[in-house]
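Colleague: coordinates only, sequence not included:
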């Protein structure tokens, strides 16, 4: 068979593997964080002009935000999880293709297969390719900045002159990389220094002058493109310096040592072994070249400097920006292309004395071994139900295990109007009591006591422990273990597997354990009734089908209102063995005009528009469980019930 077709077939297999892992079942995982924002942009057909004129964040540039908007318009697809992720999966696949083809042209088929297969199967890169977020874009453009930067540095150091279009190409790669995420900036600075230094070292006086002028133009172009974003970032850094809680991420001493193992495979024996083998190959190459690998192989030397210099810069930069104690694995992502090229080329260079055919076989053997070792973790990344919380699984559990109309309190007040609003159950309502972020609100609103009181009053029937907010300051809130009769764990199965094996490529899988395995504490209606009977109460009640839950927190009102728009059921338990005469009390307001409501067979109660008022009625309740029907009379509008009580009649 023609060698050309062998090359096409081998690289085609690598690219097919990369495509399968990046595009398969993209809608499976629930959206989170900025992915929700990206999905919201597409749903409301966000204006790109407005997005760039008034970006929502000071520490982000809206380049990645714009991608799903443009993609949805070009492909004419309706908004959805898969739609917003497709362009980022494509960026990830293009990175693999670029790496495989670039390494093949520079070093031969063996190096191309090795670099391409490593990128294709690497869980870290697969994960970010399947997420509508900033980092896969940063890695694509950083690959051009680093790999093409190494090409140009080799040419300059050999005494060659760069054409204007080559300077322009590198400027474009670098500008786009810098606009992808601010963590790229220091890596771009290192790449600029290496490119400038290569020209100074390899050029004669006239060439140096020309190169210096060209790099001045490059610098001016980058400054012009970035000045607005740098000023905004400086403002954000100043704010963060004054408020240590503004630093986000996990402990630096957790993240820092795990960066290179994750770049190799995972933070586990497999990843460490792969990393050790790559570093051993690099050590062999350095020893054979007497510490100057660029002398025998200029491209290898340039890639090595790009990788090692970029990593050193990132560690210093992230330490400074994170206040010395916070970091995220993804902040190092811009270094992955240069590092993986350095690692792949180290193997290839170490095999250089084996002869051309044996060298190709050894490179291909390493590539195949990487695929075997990392195939299962890469596949598990495609099976993730959430990143990290499996909101769809949680929603299904709530609907299947709680009674219609029940209220569920979650321990992070953002969840009910963000993630849990996107994945809202159909039978029950997820809410919060009072704000618990930042810590000042947690203390000021006395979140623990307020939440405990809500359950003691039967205002909610279940509690979701998802964030364990302020546990490090205040200790874990263990009252739910004592109060509720039941506890369940809703698990992101692939997330637990990736976490427990050390392949989960995001620190939240390790630092926020309840997001991967979410605890739900709950009582059945029978449990609540038994507790109330033991406390000497006469009756207990639950809002059922036909009611909505409404919380006007935007107006500073953190009360839960039950909304009746037609007919609704109230499940009432008489806790005595004999009929009980009760007095009912309703505190409610009408919306959309005065509302009249009939409760059971009683005379209608009238409530004025827009004003809370109290109404009472008499009720005789037989023993056992009864359904009390509420019916709003007339059409239009709604009744908002703030309080409902049943007490023994005097």
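Modeller: Happy to help now that I have it. These numbers were taken from a predicted model, which means no experiment stands behind them. Numbers count the residues shown, from 1 in each chain.
Colleague: Break down the stretch 451-600 of the chain into its strands, ranges please.
Modeller: Using DSSP state E, counting those that start in this stretch, the strands of the stretch 451-600 of the chain run over residues 462-465, 486-491, 517-522, 539-543, 547-550, 561-564, 567-574, 580-591, 595-599.
Colleague: How about the stretch 201-350 of the chain?
Modeller: 250-251, 326-327.
Colleague: now do the stretch 1-150 of the chain
Modeller: So, for the stretch 1-150 of the chain - with DSSP E, counting those that start in this stretch - there are no strands.
Colleague: what bits of it have low per-residue confidence?
Modeller: Scanning the stretch 1-150 of the chain for pLDDT under 70 picks out 1-2.
Colleague: before we move on, the earlier item: to residue 283, which of the strands of the stretch 451-600 of the chain lies closest?
Modeller: Nearest to residue 283 among those is strand 517-522; the distance by C-beta to C-beta comes to 40.7 Å. C-betas here are computed from N, CA, C, even on glycine.
Colleague: Sheet partners, orientation included, of the closest one?
Modeller: In the sheet, strand 517-522 lines up against strand 462-465 (antiparallel), strand 486-491 (antiparallel) (DSSP bridges).
Colleague: For it, what is the distance to the chain centroid?
Modeller: Relative to the centre of its chain, strand 517-522 is centred 21 Å away, using C-alpha atoms, centre = their mean, to the nearest Å.
Colleague: just stretch 424-433 next, same as before
Modeller: 22 Å.
Colleague: mind checking the end-to-end distance for it?
Modeller: 17 Å (C-alpha to C-alpha, to the nearest Å).
Colleague: quick one, helices of the stretch 401-550 of the chain?
Modeller: 419-422, 439-444, 447-456, 471-474, 479-483, 493-501, 508-511, 513-516, 525-534 (DSSP state H, counting those that start in this stretch).
Colleague: now the angle from the third one to strand 517-522?
Modeller: Between helix 447-456 and strand 517-522, the angle comes out at 50 degrees (axes from the mean of the first three to the mean of the last three C-alpha atoms, to 10 degrees).
Colleague: Who are the packing partners of helix 447-456?
Modeller: strand 407-410, helix 479-483 (3 or more C-beta pairs under 8 Å, 6 or more residues apart in numbering; DSSP states H and E).
Colleague: average model confidence for the last one?
Modeller: This means helix 479-483. If you average the pLDDT over helix 479-483, you get 97.
Colleague: Which parts of it count as buried, going by neighbours?
Modeller: residue 480 (16 or more other C-beta atoms under 10 Å).
Colleague: And that helix, what does it pack against?
Modeller: helix 447-456, strand 517-522.
Colleague: for these, which one sits closest to residue 186?
Modeller: Using C-beta to C-beta, the nearest of the helices and strands packed on helix 479-483 to residue 186 is strand 517-522, at 36.0 Å.
Colleague: Report the angle between that closest one and helix 493-501.
Modeller: Using the same axes, to 10 degrees: strand 517-522 against helix 493-501 is 120 degrees.
Colleague: which residues are in contact with strand 517-522?
Modeller: Strand 517-522 is contacted from outside by 389-390, 394, 397-398, 401-402, 408, 461-466, 480-481, 483-492, 496, using C-beta atoms under 8 Å, 6 or more residues apart in numbering.
Colleague: Could you report the separation of residue 357 from residue 363?
Modeller: Distance from residue 357 to residue 363, counting by C-beta to C-beta, to the nearest Å: 11 Å.
Colleague: Export the helices of the stretch 401-550 of the chain to TSV and append columns for distance to residue 601.
Modeller: Converted to TSV, the helices of the stretch 401-550 of the chain look like this (distance: least, C-beta to C-beta, whole Å):
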stretch	distance to residue 601
helix 419-422	37
helix 439-444	46
helix 447-456	32
helix 471-474	50
helix 479-483	36
helix 493-501	51
helix 508-511	54
helix 513-516	47
helix 525-534	24
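Colleague: May I see the domains of the protein written out as residue ranges?
Modeller: Annotated domains of the chain cover 1-133, 391-523, 539-648 [automatic domain parsing].
Colleague: can you put the strands paired with strand 517-522 in JSON lines and add mean neighbour count, distance to residue 237 and mean pLDDT?
Modeller: Converted to JSON lines, these look like this (neighbours: other C-beta atoms under 10 Å; distance: least, C-beta to C-beta, whole Å; pLDDT from 0 to 100):
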{"stretch": "strand 462-465", "mean neighbour count": "24", "distance to residue 237": "34", "mean pLDDT": "98"}
{"stretch": "strand 486-491", "mean neighbour count": "15", "distance to residue 237": "38", "mean pLDDT": "97"}
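Colleague: now those in TSV, with distance to residue 86?
Modeller: Formatted as TSV, these follow (distance: least, C-beta to C-beta, whole Å):
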stretch	distance to residue 86
strand 462-465	31
strand 486-491	28
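Colleague: Residue 330 is nearest to which of these?
Modeller: If we rank the strands paired with strand 517-522 by C-beta to C-beta, the stretch that ends up nearest is strand 486-491, at 24.1 Å.
Colleague: on that earlier part again, deepest of the helices and strands packed on helix 479-483, which one?
Modeller: Mean neighbour count (mean count of other C-beta atoms under 10 Å) peaks for strand 517-522 among the helices and strands packed on helix 479-483, with a mean of 21.
Colleague: How about residues contacting stretch 315-333?
Modeller: So stretch 315-333 is in contact with 124, 128, 134-135, 138-139, 142, 181, 183, 185-186, 237, 240-241, 244, 247-252, 255-256, 258-259, 262-263, 311, 314, 505-507, going by C-beta under 8 Å, 6+ apart.
Colleague: Which of these fall in helices?
Modeller: In this view, the contacts of stretch 315-333 that belong to helices under DSSP state H are 124, 128, 135, 138-139, 142, 185-186, 237, 240-241, 252, 255, 259, 262-263, 311, 314.
Colleague: quick one: which of the helices of the stretch 401-550 of the chain is nearest residue 633?
Modeller: Among the helices of the stretch 401-550 of the chain, helix 525-534 comes nearest to residue 633, with 28.3 Å by C-beta to C-beta.
Colleague: got the angle between the closest one and helix 447-456?
Modeller: Using the same axes, to 10 degrees: helix 525-534 against helix 447-456 is 90 degrees.
Colleague: contact partners of helix 525-534?
Modeller: Applying C-beta under 8 Å, 6+ apart, the contact partners of helix 525-534 are 403, 458, 461, 484-486, 523, 539-540, 542, 571, 573, 575.
Colleague: Figure out how far that helix is from the centre of its chain.
Modeller: Using C-alpha atoms, centre = their mean, the offset of helix 525-534 from its chain centre is 40 Å.
Colleague: now swap in stretch 533-544 and tell me
Modeller: Per C-alpha atoms, centre = their mean, the centroid offset for stretch 533-544 relative to its chain is 42 Å.
Colleague: again, but for stretch 611-631
Modeller: Per C-alpha atoms, centre = their mean, the centroid offset for stretch 611-631 relative to its chain is 46 Å.
Colleague: For residue 260, give me its contacts.
Modeller: 275, 311, 339.
Colleague: Please name the nearest non-neighbouring residue to the first one.
Modeller: The spatially closest residue to residue 275, leaving aside those adjacent along the chain, is residue 264, at 3.9 Å (C-beta to C-beta, 6 or more residues apart in numbering).
Colleague: same question, the second one
Modeller: Using C-beta to C-beta, 6+ apart and skipping the chain neighbours, the partner closest in space to residue 311 is residue 335 (5.1 Å).
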